[in-house]
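Colleague: Just the structure for this:
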Amino acid sequence: MRNSTETLIVAMRILSQDIQSEDGVVSAATAEAAQRLEEQQERITQLERENDALRADLLLWENGGPLP
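Modeller: Residues are numbered from 1 along each chain as shown. Modelled structure (predicted):
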């Protein structure tokens, strides 16, 4: 079973709070990994929306419509 990215982000944030280490490096690294995953997910979502818009423009153009 594959978890959603959102589930992984939440799990990593919880882990970063629960992990106990003397120097706190593992906790900090886990929190940073969660943050980076969230940023990547946001960027992927934005790129998918932009791609959908470009596909719509291309479909319109292929059917004789104007390009914006």
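Colleague: Using the three-state scheme, assign the spatially most central residue of the chain.
Modeller: Centroid-nearest residue in the chain, with C-alpha atoms, centre = their mean: residue 41, separated by 0.6 Å. With DSSP: H, G, I helix; E, B strand; the rest coil as the basis, residue 41 sits in helix.
Colleague: for it, what are its contacts?
Modeller: 5-6, 9 (C-beta atoms under 8 Å, 6 or more residues apart in numbering). Any C-beta I mention is one placed from the backbone N, CA and C, and that applies to glycine too.
Colleague: Export these as JSON lines, with columns for distance to residue 28 and neighbour count.
Modeller: Below are these laid out as JSON lines (distance: C-beta to C-beta, whole Å; neighbours: other C-beta atoms under 10 Å):
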{"residue": "5", "distance to residue 28": "21", "neighbour count": "14"}
{"residue": "6", "distance to residue 28": "22", "neighbour count": "11"}
{"residue": "9", "distance to residue 28": "16", "neighbour count": "19"}
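Colleague: Convert the C-alpha atoms of stretch 31-40 to PDB, please.
Modeller: This file holds the C-alpha atoms of stretch 31-40, laid out as PDB (Å, rounded to 0.1, in the frame of the first residue of the first chain):
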ATOM      1  CA  ALA A  31      11.100  18.100  10.200                       C
ATOM      2  CA  GLU A  32      13.100  19.600   7.300                       C
ATOM      3  CA  ALA A  33      12.300  16.500   5.200                       C
ATOM      4  CA  ALA A  34       8.600  17.000   5.900                       C
ATOM      5  CA  GLN A  35       8.800  20.700   4.900                       C
ATOM      6  CA  ARG A  36      10.600  19.900   1.700                       C
ATOM      7  CA  LEU A  37       8.000  17.200   0.800                       C
ATOM      8  CA  GLU A  38       5.300  19.800   1.400                       C
ATOM      9  CA  GLU A  39       7.000  22.400  -0.800                       C
ATOM     10  CA  GLN A  40       7.600  19.800  -3.600                       C
END
